[in-house]
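sharing a sequence plus its predicted fold:
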Amino acid sequence: MTLLAHAAEMTPELVALRRSLHQIPEVGLDLPLTQKAILAALDGLPYEIHCGQRTTSVVAVLRGPADGPVVLLRADMDGLAVAEETGLDYASTNGAMHACGHDLHMTGLVGAARLLAAHADELAGTVVLMFQPGEEGHAGARVMIDEGLLDIVGRTPDAAYAIHVWASVKRGLFVTRPGAIMASANDFTVTINGTAAHGSVPYTGLDPVPIAAEVILGLQSLVTRQIDVFDPVVLSVARMSAGGPVNAVPPRATLEGGVRTLSTAAIDHLEMAIPRLADGIAAAYGATATTAFHRQYPVTINDRAEADFTVRTLRSLFGDDRVDVPETPMMGSEDFSFVLEKVPGAFILLGAQPPEVPDEGCPTNHSSLVRFDDSVVADQAVLLATLAIDRLRELAG
């Protein structure tokens with residue numbers, strides 16, 4: 001039986017698994033119910049199972065008949081702190097939601113696990129399955145790497161792949177590209193330290209609010225005048241807070257924001273330039289500024305050879321009309337980037353827009369109204385299994 005035929009046969013079972021996972025979303029690094037469900041789904045398959053210590057991760061290892069190269073496949077596991085409003089009969093009711101489709105990712109990798117187990121005698125090496133908590137802002141991939149993920153079979157994987165569904169992209173369309181495909185994610189906090197005073201006599205203090213406002217404007221000019229226009233940066237100040245009573249000058253004002261970049265050079269520059277700008281503007285008014293810059297996720301960069309191999313595989317499996325190689329990346333971020341910093345590989349997007357949901361106003365990932373067409377889990381399973389089998393064969397020569 002071919003992988004495609006086997007996956008089609010498994011589809012009802014995989015859809016049922018996805019919907020059961022959808023009802024028990026958990027947030028962060030501690031996902032005991034989700035881990036239990038994944039372990040149950042892998043039970044009886046010929047995998048070596050390893051569970052994380054600092055997080056409820058699951059790593060499953062399948063070894064072929066002989067030693068050889070290693071391919072890693074990743075699925076993230078966590079949901080979001082979003083109350084679901086889809087009205088689906090399998091909707092979550094616990095106050096969290098799989099609003100980014102990670103329930104489909106887990107199911108697709110379980111499907112791949114079953115396909116690979118059925119074809120284990122064809123493996124020219126070893127496959128490592130990475131079920132990862134904490135993708136949504138908790139750097140779960142980095143935690144798993146720190147715990148030894150990449151050395152779990154005694155050598156670093158030779159290639160790594162992950163698929164992410166997207167609710168506002170046509171169902172069944174695969175999207176990937178060589179080079180940067182997703183942006184880095186970073187945040188910063190700037191505090192302007194002034195002096196409190198009565199609102200009727202602001203000159204007796206040092207008002208930090210207008211200083212903070214100038215910093216906000218200065219940050220926009222910093223991006224447009226110090227960063228190459230062909231090296232895109234998105235900088236957004238998302239929160240500003242200051243003071244208490246409306247008739248008092250506050251002693252300090254704080255602004256917080258995020259920065260997305262497509263190169264490490266841009267991050268390096270901004271990490272230096274943001275505090276320099278805040279310090280300079282504050283000093284011009286006799287105030288001081290304190291800046292904290294936090295790097296969260298690096299740029300997600302697809303290895304060119306692995307991206308080209310992935311595109312060839314996609315076209316062979318599904319045809320040219322289901323493959324898109326865009327000219328530009330997305331400015332969202334993804335912590336599979338931590339894996340791709342150390343292992344050549346590819347990150348792939350898969351459209352999962354339900355056919356009954358219109359294009360106009362289609363809720364997208366992270367929305368409380370977002371819906372995904374879970375029939376795509378079979379395609380995920382086939383692609384991941386095929387990437388592993390074929391890449392091991394090529395790497396083994």
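Thanks, I have it.

wait, S333 sits on A185?
Yes: under the criterion of CB atoms under 8 Å, S333 makes contact with A185 at 3.6 Å. From N, CA and C alone the C-beta is placed, and that goes for glycine too.

overlap in contacts, the two.
R260, Q296, Y297 (CB atoms under 8 Å, 6 or more residues apart in numbering).

shouldn't the last one be in contact with S184?
Yes: counting by CB under 8 Å, Y297 sits close enough to S184 to count as a contact (6.0 Å).

who touches both of these two?
Jointly contacting Y297 and S184 under the rule CB under 8 Å, 6+ apart are S333, S337.

can you give me the pLDDT of the residue nearest to H22 when sequence neighbours are not counted?
Nearest non-adjacent residue to H22, counting by CB to CB, 6 or more residues apart in numbering: D103, 4.7 Å away. Per-residue confidence at D103 stands at 98 (pLDDT).

now name the helix or strand holding D103.
Using DSSP states H and E, D103 sits within helix 102-118.

likewise V223?
Applying DSSP H and E as the criterion places V223 in helix 208-226.

so what does the helix holding D103 touch, helix or strand wise?
For helix 102-118, the packing partners by 3 or more CB pairs under 8 Å, 6 or more residues apart in numbering; DSSP states H and E come out as helix 3-22, helix 32-42, strand 58-63, strand 70-76, strand 126-132, strand 159-170, helix 377-396.

what are the buried residues along it?
Neighbour counts over helix 102-118 (16 or more other CB atoms under 10 Å) mark 102-117 as buried.

before we move on, what about stretch 3-15?
Buried residues in stretch 3-15, counting neighbours by 16+ other CB under 10 Å, are found at L3, L4, H6, A7, M10, T11, L14, V15.

also stretch 209-217?
Using 16+ other CB under 10 Å as the test for burial, stretch 209-217 gives V209, I211, A212, E214, V215.

try stretch 177-189
Of all the residues in stretch 177-189, those buried under the rule 16+ other CB under 10 Å are R177, P178, A180, I181, M182, A183, S184, A185, N186, D187, F188.

quick check: closest non-adjacent residue to the fifth one.
For M182, ignoring the flanking residues on the chain, the nearest one in space by CB to CB, 6+ apart is T300 at 3.7 Å.

what would the buried residues of stretch 209-217 look like in JSON lines with pLDDT and distance to P25?
Compiled in JSON lines, the buried residues of stretch 209-217 are given as follows (pLDDT from 0 to 100; distance: CB to CB, whole Å):
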{"residue": "V209", "pLDDT": "97", "distance to P25": "40"}
{"residue": "I211", "pLDDT": "98", "distance to P25": "42"}
{"residue": "A212", "pLDDT": "97", "distance to P25": "37"}
{"residue": "E214", "pLDDT": "97", "distance to P25": "42"}
{"residue": "V215", "pLDDT": "98", "distance to P25": "38"}
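
let me know the closest of these to Y90.
A212 (46.1 Å; CB to CB).

show me the shaky parts of the chain.
For the chain, applying pLDDT under 70 flags no range at all.

please tell me how far the residue lying closest to H102 once chain neighbours are set aside sits from E334.
Distance criterion CB to CB, 6+ apart; nearest residue to H102, sequence neighbours excluded, is D76 at 4.8 Å. D76 is 9 Å from E334, where distance means CB to CB, to the nearest Å.

cool, A16 as well?
The value you get for A16 to E334, if CB to CB is used, is 28 Å.

looking at these two, which is more packed in?
For A16 versus E334, neighbours defined as other CB atoms under 10 Å are more numerous around E334 (25 against 13).
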